[in-house]
Each structure stands twice: as structure tokens, then as C-alpha cells.
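In: I would like to see how this sequence folds:
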Amino acid sequence: MGVGLDTGVAARLREGMAGGVLSFPLTVFHDDGSLDLDGFRAYLAAQLATGPGAVFPACGTGEFFSLDEDEYRQVVTATVHEAAGRVPVVAGVGYGWAQAVRFARIAEDAGADALLVLPHYLVAVPQDGLVAQLEQLAARTPLPLIAYQRGQVAYGTEAFRRIARIPGVIGLKDGHSDLDRLQRLTLASPEDFLFFNGAATAEIQARAYAAVGVPAYSSAVHAFAPEIANAFFTALRDGDEGVVEKLLRDFYVPFVELRDRTPGYAVSLVKAAARLRGRPVGPVRAPLTEPSSADLADLRTLLATGLDLVGAAL
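Out: Predicted structure coming up:
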């Protein structure tokens with residue numbers, strides 16, 4: 001392990017993800033697009049009160065790509081303060097390794113427990129480059145790293161073996177949903193390595209991921225309807241197939257179909273749904289766009305259906 005690395009973080013994450021979904025909170029903006037830190041604190045406090053296994057600020061759902069370094073500092077610092085040690089805080093970092101290091105140092109100063117390494121910017125690279133990206137970052141931060149394969153980042157088995165040996169790399173979040181590849185990675189991994197289902201609307205594929213040894217997942221739905229997300233998690237954990245099937249059929253599948261209408265809706269719809277729940281989270285930042293009025297109407301109907309299924313109010 002690297003100098004100063006907290007070897008207990010992986011154990012805390014493992015414990016947390018066995019007891020709750022992984023929360024990826026929205027970043028709250030004012031109507032003019034500026035950061036609303038007080039609004040973020042209030043929103044995050046409500047999220048933490050619902051019992052997630054860990055919290056991942058300033059990641060994809062939190063619009064990491066649109067935050068400057070000072071805003072990032074404020075968001076991660078506020079998250080650490082609100083979490084108050086109750087759950088691990090895993091902050092997003094990204095771009096090339098040099099810029100990722102700058103964010104990593106901010107997260108370290110803020111008191112984050114670990115980092116989620118988001119896919120790098122723009123270029124397609126060979127496997128050796130993917131490994132080198134993590135090597136360069138791991139050599140420059142004492143914080144544990146979770147690699148995120150999605151988009152143009154996809155590890156082959158040999159590259160994965162190499163990243164799993166890097167001191168400080170403790171896990172992999174998968175967003176490709178290539179279960180053949182993922183099964184080979186899990187079989188090639190060290191015994192204590194962490195795996196996370198990071199598919200968009202991960203509940204849709206949660207059973208399939210669990211079948212290859214990856215039961216933990218992130219939940220975008222938790223960002224606006226923790227009642228639904230927690231009901232699904234509990235039903236899945238307890239083997240209540242009737243509830244799992246009903247939530248998938250009547251809420252999650254229609255939500256995915258709505259999400260797929262427009263690029264960027266994986267974040268925009270989540271933020272719009274939070275506003276429909278009375279959470280003043282503000283707009284998304286460009287290049288994301290707000291849902292159309294017709295899609296908002298469909299979202300309201302679907303959200304009401306999902307909450308009715310779990311006995312919660314809109």
C-alpha cells in the first residue's frame with residue numbers, strides 16, 4: 001500500500017455496500033447556474049438520512065465535468081462535513097492524470113476517504129495507457145482509488161491484473177455491462193478487491209451483476225427517490241422477487257425508456273425528478289439540457305407511480 005494509505009477504507013466500503021445503495025448526490029445550482037452550497041448541504045443531509053452505504057460527491061450524477069476546482073473543493077468539503085464519518089466519502093476525479101492529481105489533492109485536504117477515477121478526457125488509448133494513468137495518479141495521492149471503466153475505458157484481463165496490483169487501487173466500478181468481460185475480471189481479481197455495478201440505472205441489471213459476483217451498485221434513483229431505491233435494494237437483498245419484478249416492470253424499465261429519449265437525460269431527468277419532489281436542486285449546466293415539457297409530464301406520472309408502489313408521497 002502507498003504511504004499514508006488508509007487500509008480500512010476498503011473494509012468500510014464493503015460493509016457499507018452490503019447494507020445500502022451507493023449514493024451519487026446531485027450538485028445543487030442556483031437558477032443562474034452558480035453553485036448553491038447551502039442548498040447542496042440541505043439536499044445532502046436529506047440523502048444521508050436515508051441510509052446509503054457510501055456517498056460519492058462530484059461524480060457523474062454530480063456533474064463533475066462542469067465544476068471548477070474551487071466549486072469542487074466546496075462540494076467535497078461539505079460532503080465530508082455532512083457525512084461526519086457515518087459513511088465513506090468517495091470523491092470523483094478525472095481528466096488526464098496531471099489534472100486528476102490536482103483534484104485528488106483537493107479531495108485529500110477536504111478529508112475524503114477515497115477517489116473514484118472517472119474516464120479520462122477525449123482520446124482513445126491502448127491498455128498500457130490505461131494502466132499508466134492509474135499508476136501516475138496512485139503514485140501522487142495517499143487516497144485509495146476505485147477505477148471506473150465506462151465509455152472509452154475498458155480493461156482487458158491482463159491490464160486489470162496490473163491495475164489490481166497497483167498500491168492503493170482497491171476497486172473497479174463497471175459501466176459497460178459486458179458481463180462476459182466482467183466475469184473474467186472478477187475471476188482474475190485479488191480476493192479482497194471491490195467491484196461495483198455502475199451501469200446507468202443500475203437496478204435494471206442488478207440481478208445479472210450479482211450473478212457474476214458483483215452485488216453492489218450505484219443508484220441514480222436514490223438521488224431523487226430514495227424510498228424507491230431502498231425498497232428495491234431491500235427486496236433484491238431479501239430475495240423478494242415479486243417486489244423486484246413489479247418495481248422493474250412498472251417503474252425502472254419505463255424510467256430507462258424515458259431516459260433514453262435524449263442524450264444527457266441520465267443526469268437531467270434525475271435533477272428534474274428531484275425538483276418534482278420539492279428538492280430545490282436547480283438546473284443542470286450546459287452542455288446538459290433540461291427535459292422538454294412533454295418529457296417532464298411523463299416523468300411526473302412515472303414518479304407518482306413509483307412512489308405509489310412503495311407507499312411514499314410525491
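In: Select the longest helix from this protein.
Out: Identified as the longest helix of the chain according to DSSP state H is helix 293-309.
In: What sits closest to residue 231 if chain neighbours are left out?
Out: Excluding its sequence neighbours, the residue lying closest to residue 231 (CB to CB, 6 or more residues apart in numbering) is residue 310, at 4.2 Å. All C-beta spots, glycine's among them, are computed from the backbone N, C-alpha and C.
In: Quick one: mean pLDDT over the longest helix of the chain.
Out: The pLDDT scores in helix 293-309 average 98.
In: Tell me the helices and strands packed up against it.
Out: Applying 3 or more CB pairs under 8 Å, 6 or more residues apart in numbering; DSSP states H and E, we find helix 293-309 packed against helix 226-238, helix 241-247, helix 253-259, helix 265-276.
In: follow-up on the earlier one: my read: the residue nearest to residue 231 touches residue 228, true?
Out: Yes - in this structure residue 310 lies within contact range of residue 228 using CB atoms under 8 Å: 5.5 Å.
In: neighbour count winner among the two?
Out: Just comparing residue 310 and residue 228: by other CB atoms under 10 Å the higher neighbour count belongs to residue 228, 24 against 19.
In: about what we covered before: contacting residues for the residue nearest to residue 231?
Out: Residues counted as contacts of residue 310 (CB atoms under 8 Å, 6 or more residues apart in numbering) are 227, 228, 231, 247.
In: go on, residue 247?
Out: Residues counted as contacts of residue 247 (CB under 8 Å, 6+ apart) are 203, 228, 231, 232, 235, 306, 309, 310.
In: Of those residues, which is the nearest to residue 217?
Out: Among the contacts of residue 247, residue 203 lies closest to residue 217 (CB to CB), at 7.1 Å.
In: Give me the secondary structure label for the closest one.
Out: Classification of residue 203 using DSSP: H, G, I helix; E, B strand; the rest coil returns helix.
In: Verify the stated contact: it with residue 252.
Out: Yes - under the criterion of CB under 8 Å, residue 203 makes contact with residue 252 at 5.2 Å.
In: Need the per-residue pLDDT for the closest residue to residue 259 other than its chain neighbours.
Out: Beyond its immediate neighbours in the sequence, the residue positioned closest to residue 259 (CB to CB, 6+ apart) is residue 265, lying 4.7 Å away. pLDDT for residue 265: 97.
In: Likewise for residue 6?
Out: At residue 6, the pLDDT recorded in the model is 53.
In: got it, and residue 244?
Out: 97.
In: residues contacting it?
Out: The contact partners of residue 244, by CB under 8 Å, 6+ apart, come to 207, 232, 235, 236.
In: what's the burial count for residue 16?
Out: 20.
In: these two touch, right, it and residue 86?
Out: No - Residue 16 is not in contact with residue 86 according to CB under 8 Å; the separation is 9.5 Å.
In: that older thread, which stretch among the helices and strands packed on helix 293-309 comes nearest residue 128?
Out: helix 265-276 (30.3 Å).
In: The closest one packs against which elements?
Out: Using 3+ CB pairs under 8 Å, 6+ apart as the contact test, the elements touching helix 265-276 are helix 253-259, helix 293-309.
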